[in-house]
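Chemist: just the structure for this:
(one chain, ligands or ions: 2)
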Amino acid sequence: MIGSVGAGKSSFYNTMDTIFRGRITQRACSGSSEQSITTGYIPYKLRVESGGSCKFLFCDTPCLEESTGWDAEECGYLLDGNFPNYYQFDKKSPLTPKAEDSDEVPARDNRIHCVVFVLDATTLDVVSSQVVEKMKNFQHLMNQREIPQLIVLTKIDKLCKDVQKDISFAYKSWVVEEHVEKASQLLGLRRSNVLPVKNYEEETRLDTNINILTLLAVSKILDSAEDYMYNLLDRQEFERLKVREK
Ligand SMILES: Nc1nc2c(ncn2[C@@H]2O[C@H](COP(=O)(O)OP(=O)(O)O)[C@@H](O)[C@H]2O)c(=O)[nH]1
Ligand SMILES: [Mg+2]
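Modeler: Ligands and ions are numbered 1, 2, ... in the order given. The predicted structure is shown next:
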């Protein structure tokens, strides 16, 4: 998950976790205080009520803003799985990638299989040009690696009174549709790859309509990750055949 400060990355994870665990959870710190600002690369599992966990990770990253942000070089390392889990971004001692022949080559598991840009629907018009440029630079690296990219569009409840009253109205609202279009243009992604959501924030109980939107987003993310893995598999088979032919 990549996005600006306050976009709702931590809240999106908490919303998924809430649904899978069946109660409101707040494992990822969210909010506007200094302590809630993520400075590391944090993998989160989704646990289920019985105590087991799903076989995928959602990884939180620091915001894109200049002060605490990270750069394109670090993004490349991250996509390739060079970052240890819980890595703290530190401008004074940046990470260098491990040599291909080193014993410490990154675990394949740590590679990123799908990128989710988390965008706040209420601030699409005022995203700084610096942040947009950074996201585009990151996208260039993702395109080179053929990593699928999606947008999770948060805070749609703040866009329109009807949606605020009833989240199930989201797919009927032209205001939401307009913002989906805006987000898709911002990053040059298909509209079907923009996933509007409303995160749990003030609720004290689960809400089926919030869950439906979130689960639609999660299933699209997992489908995209699966597409990427099939491409990877085909490529590996092709490389193996080539070696055998030699
Ligand atoms: N109304 C509303 N508020 C949200 C939503 N998602 C996040 N927030 C609030 O936005 C603020 C920033 O969210 P956070 O998850 O900490 O953003 P992060 O910096 O990207 O991790 C918090 O106060 C959240 O409660 C949403 O869908 N609707
Ligand atoms: Mg956060």
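Chemist: right, is the biggest helix by length in the chain up against ligand 1?
Modeler: Using DSSP state H, we find that the single longest helix of the chain is helix 208-245. No - for helix 208-245, no contact with ligand 1 is found by Cβ under 6 Å from any ligand atom; the gap never falls below 8.7 Å. Quick note: C-beta positions are derived from backbone N, CA and C, even for glycine.
Chemist: tell me what that helix is packed against?
Modeler: Judged by 3 or more Cβ pairs under 8 Å, 6 or more residues apart in numbering; DSSP states H and E, helix 208-245 is in contact with helix 9-21, strand 149-154, strand 194-196.
Chemist: same for the lowest-mean-pLDDT helix or strand in the chain, what does it pack against?
Modeler: In the chain, the helix or strand scored least confidently by mean pLDDT, DSSP states H and E is strand 87-88, which has a mean of 80. Counting contacts by 3+ Cβ pairs under 8 Å, 6+ apart, strand 87-88 packs against strand 40-47.
Chemist: still on that earlier bit, tell me the buried residues in the longest helix of the chain?
Modeler: Within helix 208-245, the residues that count as buried by 16 or more other Cβ atoms under 10 Å are 210-211, 213-214, 217-218, 220-221, 224-225, 228.
Chemist: pLDDT of that helix, averaged?
Modeler: Average pLDDT, helix 208-245: 94.
Chemist: tell me the helix or strand right after the least confident helix or strand of the chain.
Modeler: strand 115-120 (DSSP states H and E).
Chemist: ok, and what's touching that next one?
Modeler: By Cβ atoms under 8 Å, 6 or more residues apart in numbering, the residues outside strand 115-120 that reach it are 1-4, 6-9, 12, 79, 127, 135, 138, 142, 147-155, 183, 186-187, 221.
Chemist: with stretch 58-78 instead?
Modeler: 1-7, 9-10, 13, 16, 28, 37-44, 46, 83, 89, 94-95, 97, 112, 128, 130-131, 134-135, 137-138, 140-141.
Chemist: for ligand 1, see how far away the spatially closest residue to Lys220 that is not a sequence neighbour is.
Modeler: Spatial nearest neighbour of Lys220, excluding adjacent residues (Cβ to Cβ, 6 or more residues apart in numbering): Leu195 at 5.8 Å. For Leu195, the distance to ligand 1 (Cβ to the nearest ligand atom, to the nearest Å) stands at 12 Å.
Chemist: show me what contacts Leu195?
Modeler: So Leu195 contacts 150-153, 213, 216-217, 220-221 (Cβ under 8 Å, 6+ apart).
Chemist: try 10 Å
Modeler: 12, 116, 118, 150-154, 180, 183, 213-214, 216-221 (Cβ atoms under 10 Å, 6 or more residues apart in numbering).
Chemist: and the pLDDT at Ala99?
Modeler: Ala99 is given a pLDDT of 50.
Chemist: any weak-confidence spans in this protein?
Modeler: Applying pLDDT under 70 to the chain flags residues 33-36, 66-69, 90-109.
Chemist: burial count for Arg191?
Modeler: 12 (other Cβ atoms under 10 Å).
Chemist: what does this protein put close to ligand 2?
Modeler: Residues of the chain found near ligand 2 (Cβ under 5 Å from the ion) are 9-10, 38.
Chemist: restrict those to those near ligand 1?
Modeler: Answer for these near ligand 1 (Cβ under 6 Å from any ligand atom): 9-10.
Chemist: need the residues of the chain next to ligand 2 in TSV (columns: neighbour count).
Modeler: What follows is those, written out as TSV (neighbours: other Cβ atoms under 10 Å):
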residue	neighbour count
Lys9	28
Ser10	24
Thr38	19
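Chemist: what is the nearest of the residues of the chain next to ligand 2 to ligand 2?
Modeler: For these, the residue nearest ligand 2 by Cβ to the ion is Ser10; the value is 3.3 Å.
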